[in-house]
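Participant: what follows is a predicted protein model with its sequence.
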Amino acid sequence: MMTQEQLRNRRSDDMKHVMSSEQGRRFVWGLLDQAGVFRISFTGEVNSTIFNEGNRNAGLALFNHVFGTCPDLYLKMAAEAEKDREANHGNTTPESDPE
């Protein structure tokens, strides 16, 4: 049986492994984007706003884990996402594609 510290270390190692590749960073950025981490949750309709906030809260947990574990790779991921956005006319994920 693993101790709590061993489980935390394994979780951190897992995140570092995912974030060590461009594909992993792109995948994590897509999750953060889909969760609405980088936009306002308010829609003007109470239930939609509450739903968006719940989704955003899950994304913020991921954001905190990524940034707390490997801040340098988070910054690299953000820079790569910005380059993708510029190259793809504002779209960084298939979900944001208007077509």
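Facilitator: Alright, I've got the coordinates.
Participant: and the helices in the chain?
Facilitator: Along the chain, the segments classed as helices by DSSP state H run 4-19, 22-35, 46-69, 71-87.
Participant: nearest spatial neighbour of the spatially most central residue of the chain, chain-adjacent residues omitted?
Facilitator: Centre of the chain computed as the mean C-alpha position; nearest residue by Cα atoms, centre = their mean is residue 32, 2.7 Å away. Nearest residue to residue 32, sequence neighbours excluded (Cβ to Cβ, 6 or more residues apart in numbering): residue 59, at 5.4 Å. Just so you know, the C-beta spots here come from the backbone N, C-alpha and C atoms, and that holds for glycine as well.
Participant: what's the local residue count around that neighbour?
Facilitator: Residue 59: 18 surrounding residues under other Cβ atoms under 10 Å.
Participant: residues in contact with the nearest residue to residue 24 once chain neighbours are set aside?
Facilitator: Distance criterion Cβ to Cβ, 6+ apart; nearest residue to residue 24, sequence neighbours excluded, is residue 18 at 4.0 Å. Going by Cβ atoms under 8 Å, 6 or more residues apart in numbering, residue 18 touches 24-25, 27-28.
Participant: and the pLDDT for residue 18?
Facilitator: Reported pLDDT at residue 18 in the predicted model: 98.
Participant: would you mind measuring from it to residue 69?
Facilitator: From residue 18 over to residue 69 the distance is 10 Å, taken as Cβ to Cβ, to the nearest Å.
Participant: deepest of the helices of the chain, which one?
Facilitator: Mean neighbour count (mean count of other Cβ atoms under 10 Å) peaks for helix 22-35 among those, with a mean of 17.
Participant: ok, residues contacting it?
Facilitator: 17-19, 38, 55-56, 58-60, 62-63, 66, 73, 76-78, 80-81, 84, 92-93, 95-96.
Participant: and residue 44, its phi and psi?
Facilitator: Backbone torsions of residue 44, given as degrees, to the nearest 10, read phi 100, psi -10.
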